[in-house]
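Novice: Next one to model:
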Amino acid sequence: MLIYSMSVSVDGFIADREGGFGWTVPNDEQFRFHVEQIRELGGYLCGRRLYETMLPWDTDPSMRDNELQAAFADVWCTIPKVVFSRTLDSVHGNARLAEASVAEEAAAALDATDKDVAIGGAGLAAAAIELGLVDELRMFRNPIVVGGGTPFLPPVTEDVPLDLVETRTFGSRVIYERYRCARDESYGPEASIELS
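Specialist: Residues are numbered from 1 along each chain as shown. Have a look, this model is predicted:
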């Protein structure tokens, strides 16, 4: 499956009006959950901003200051990553620049593993949603209203039916919501959704 997972505000933003997302920092319980989720992935498609945000996990030894951070860094560094960027000339670690379309790179990433593949970055995920490629949406809903910023989901011109398949509330009161796209004749790779 292709999975889109991000931390969001109650009003559905992954970054606030100033581009900040400090309110998404997970507590240890949630961080352990993230490590387990990342461990289940066989690939990651990411936009430039997300790639650059996560790059210190590949390059900065201070990110391994404790056992939990080291566990995340170990798992993150092993995942093959495809970075979509018009401005980067090179990438580091277990990553490469995308050479094909979102649909082609997603298909190749899924074909290369027997695990799920994640996609991250609002713009890149919006393109995948438009093409009907995303199988699951996973939100870590933080107890804050930010009133604007970068939305988790793009506007769509047709409904996208979802099935709620899992919820969990962490001690920090962050609520994890996992939705599977309910495939039918109106949503899928063969029937793209137009963004407004």
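Novice: Could you use CA atoms for every contact and neighbour count after this?
Specialist: OK.
Novice: The helix or strand harbouring A107: which residues count as buried?
Specialist: Element membership of A107, judged by DSSP states H and E, is helix 102-111. Buried positions in helix 102-111, judged by neighbour count with 16 or more other CA atoms under 10 Å: 102, 105-106, 109-110.
Novice: Bridged to the most centrally placed residue in the chain, which residues?
Specialist: The chain has G120 as the residue nearest its centroid, 3.2 Å off, counting by CA atoms, centre = their mean. Beta-bridge pairing for G120 (DSSP bridges): C46.
Novice: start at 438 instead
Specialist: Taking 438 as the first residue, the last one we looked at is G557.
Novice: Report the contact partners of it.
Specialist: The neighbours of G557, taking CA atoms under 8 Å, 6 or more residues apart in numbering as the test, are 441-443, 481-484, 487.
Novice: Give me the pLDDT for V593.
Specialist: Model confidence at V593, expressed as pLDDT, equals 86.
Novice: Tell me how far it lies from E567.
Specialist: 8 Å (CA to CA, to the nearest Å).
Novice: the more surrounded of those two?
Specialist: E567 (22 against 14; other CA atoms under 10 Å).
Novice: Distance check, that one against A540.
Specialist: In terms of CA to CA, E567 sits 10 Å off from A540.
Novice: now do G530
Specialist: For G530 relative to A540 (CA to CA), the value is 23 Å.
Novice: do the same with R476
Specialist: From R476 to A540 the distance is 24 Å (CA to CA).
Novice: what do you get for R575?
Specialist: R575 is 20 Å from A540, by CA to CA.
Novice: swap in E477?
Specialist: Taken as CA to CA, the span from E477 to A540 is 22 Å.
Novice: do the same with C514
Specialist: Counting by CA to CA, the gap from C514 to A540 is 24 Å.
Novice: what ranges do the strands span in the chain?
Specialist: 439-446, 450-452, 478-484, 518-521, 532-534, 553-557, 573-579, 587-588, 599-606, 612-618 (DSSP state E).
Novice: re the thing from before, give me the buried subset of the contacts of G557.
Specialist: 441-443, 481-484.
Novice: Kindly reformat these as TSV containing distance to S522 and pLDDT.
Specialist: Shown next, in TSV, are the buried ones among the contacts of G557 (distance: CA to CA, whole Å; pLDDT from 0 to 100):
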residue	distance to S522	pLDDT
Y441	18	98
S442	20	97
M443	20	95
Y481	14	98
L482	11	98
C483	9	96
G484	6	95
